[in-house]
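Asks: Kindly generate the corresponding structure for this input.
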Amino acid sequence: QVQLVESGGGLVQAGGSLRLSCAASGRTFSSYTMGWFRQAPGKEREFVAAIRWSTYYADSVKGRFTISRDNAKNTVYLQMNSLKPEDTALYYCAQGRSAYGITVANGYEYAYWGQGTQVTVSS
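Replies: Numbering: from 1, shown residues only. As a prediction, the model looks like this:
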């Protein structure tokens, strides 16, 4: 049984930083793409970043957010700098469905999801 547990969300002022963590269990962590998605109230879920051997970012966060992983700790991180009010959302981590390549920005390619951690950026 795969479990993903996010932490690190909170309230921060615009221009501030937060670091999200997602601890995974249940499968060989290093074999799978890990992704971060977010969903703001009234909006569709959107891709934020993903990592396997390479990293991938949505244009809206490129240059501000950094995804990384520690395979020894079965944990993926999302360092978020220069936060903007439009970054306010519930952030989810997800694990890829297949150990082979996936389309990283497609949420349907991820089989397991965490419960989400709230990020609120005040102006």
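Asks: Next, the spatially closest residue to G8 that is not a sequence neighbour: phi, psi?
Replies: Leaving out its chain neighbours, the residue that sits closest to G8 by C-beta to C-beta, 6 or more residues apart in numbering is L20, at 4.2 Å. For glycine as for every other residue, the C-beta is placed from the backbone atoms N, C-alpha and C. Phi and psi for L20, reported as degrees, to the nearest 10, are phi -90, psi 150.
Asks: if I pick L20, what's in contact with it?
Replies: E6, S7, G8, G9, W36, Y77, L78, M80, Y91, C93, T117, V119 (C-beta atoms under 8 Å, 6 or more residues apart in numbering).
Asks: so how far is C93 from it?
Replies: L20 is 8 Å from C93, where distance means C-beta to C-beta, to the nearest Å.
Asks: Please enumerate the strands of the chain.
Replies: Under the criterion DSSP state E, the chain contains strands at 3-7, 10-13, 18-25, 34-39, 46-51, 55-57, 65-70, 75-80, 89-96, 110-113, 117-122.
Asks: Now do the spatially most central residue of the chain, the pLDDT please.
Replies: For the chain, W36 is the residue whose C-alpha lies nearest the centre (C-alpha atoms, centre = their mean; 2.0 Å). For W36, the model assigns a pLDDT of 98.
Asks: and it, what does it touch?
Replies: Going by C-beta under 8 Å, 6+ apart, W36 touches L20, C22, V48, A49, A50, I67, V76, L78, Y91, Y92, C93, A94.
Asks: Over to S54?
Replies: S54 neighbours (C-beta under 8 Å, 6+ apart): none.
Asks: One more: Q3?
Replies: Residues near Q3 by C-beta under 8 Å, 6+ apart: A24, S25, G26, Y112.
Asks: Check the residues you listed against K43 and report the nearest one.
Replies: Closest approach to K43 among the contacts of Q3 (C-beta to C-beta): Y112, at 22.5 Å.
Asks: For Q95, see how far away the residue nearest to L90 when sequence neighbours are not counted is.
Replies: In space, and not counting its chain neighbours, L90 is closest to G116: 4.3 Å by C-beta to C-beta, 6+ apart. Applying C-beta to C-beta, the value for G116 to Q95 is 14 Å.
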